[in-house]
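Coordinates only, no sequence provided:
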């Protein structure tokens, strides 16, 4: 079965600091990769996605992620975080075959940004 | 346009009871997926339906069942509730299932006492 690992459970940063959240997955075939964000009191929203092509993908609000196939990783980055980025971030994988359509999520990383 | 809607918002049940959760997808979306999110964990896949047929089932017991109606709305049913069923139940809709982008609703918070 596919699994997704997020290395950091809670990250605390000051505004303007750079952010990198790690995500690794275990699946040897073709995958689609996602980062979702859940702001306090709001529902899950898609930040960015990778299906194919350029492994560096850009999402909303200045976020980007890099797919490194050899490392089975899809790390999320932002050069300068803002207080409004405080939220929980989830990495998710959609594999093919019989499990196509199922999203497998990591356990999430809570990001707290201090003003 | 309205997003994915779920009802009720919150629900409190006791062990052994059953519960029905409802989901209305985004207009034009024909696929609905259900996820369970236990506190401190990421969402876990329960079911996916497309065009009223089950397209996938996660590792959940038979106490969990679902269906999709002709208008593409969906119900998730859980029988013989256990304390461990307490969670946020999320519904996501997509245009066509498969690898289509999934849009999530606000969830139903179920508490089992």
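Yes, it's here. Please read all numbers here as calculations on a predicted model, not as lab measurements.

Who is the closest residue to chain B within chain A paired with across the strands?
Chain B sits closest to residue A:105 of chain A, with a gap of 3.2 Å, by C-beta to the nearest C-beta. The way it works is simple: take the backbone N, C-alpha and C, and place the C-beta from them, glycine included. Counting by DSSP bridges, residue A:105 is bridged to residue A:92.

Buried residues, stretch A:100-110. List them.
Using 16 or more other C-beta atoms under 10 Å in any protein chain shown as the test for burial, stretch A:100-110 gives A:101, A:102, A:103, A:104, A:105, A:106, A:108, A:109.

where does chain A dip in pLDDT?
Chain A contains residues with pLDDT under 70 at A:1, A:96-99.

Around chain B, which positions in chain A sit nearby?
Within chain A, the positions near chain B by C-beta under 8 Å from any C-beta of the partner chain are A:4, A:6, A:32, A:36, A:42-46, A:49, A:51, A:90, A:92, A:94, A:96, A:98-108.

what about residue A:40, how many neighbours?
Residue A:40 has 7 neighbouring residues, counting by other C-beta atoms under 10 Å in any protein chain shown.

and it, what is it in contact with?
Residue A:40 makes contacts with A:86, A:87, as judged by C-beta atoms under 8 Å, 6 or more residues apart in numbering or on different chains.

Please apply the same query to residue B:9.
Going by C-beta under 8 Å, 6+ apart, the list of residues near residue B:9 reads B:106, B:108, B:109.

How much space separates the closest residue to residue A:7 other than its chain neighbours from residue B:50?
Nearest residue to residue A:7 in three dimensions, chain neighbours excluded: residue A:22, at 3.9 Å (C-beta to C-beta, 6 or more residues apart in numbering or on different chains). Per C-beta to C-beta, to the nearest Å, residue A:22 is found 33 Å from residue B:50.

Show me the contact partners of stretch A:44-51.
Under C-beta under 8 Å, 6+ apart, the answer for stretch A:44-51 is A:32-39, A:57-61, A:63-65, A:67, A:74, A:76, A:89-90, B:43, B:90, B:99, B:101, B:103-104.

Any idea how far it is from the middle of the chain?
For stretch A:44-51, the separation from the chain centroid amounts to 8 Å (computed by C-alpha atoms, centre = their mean, to the nearest Å).

Over to stretch A:40-49?
Distance, centroid of stretch A:40-49 to centroid of chain: 11 Å (C-alpha atoms, centre = their mean).

if we can go back for a sec, restricted to strands, list the contacts of stretch A:44-51.
Among the contacts of stretch A:44-51, DSSP state E puts A:32-38, A:57-58, A:64-65, A:67, A:74, A:76, A:89-90, B:90, B:103-104 in strands.

Would you list the buried entries among those residues?
Of the ones in strands among the contacts of stretch A:44-51, these count as buried by 16+ other C-beta under 10 Å: A:32-38, A:57, A:64-65, A:67, A:74, A:76, A:89-90, B:90, B:103-104.
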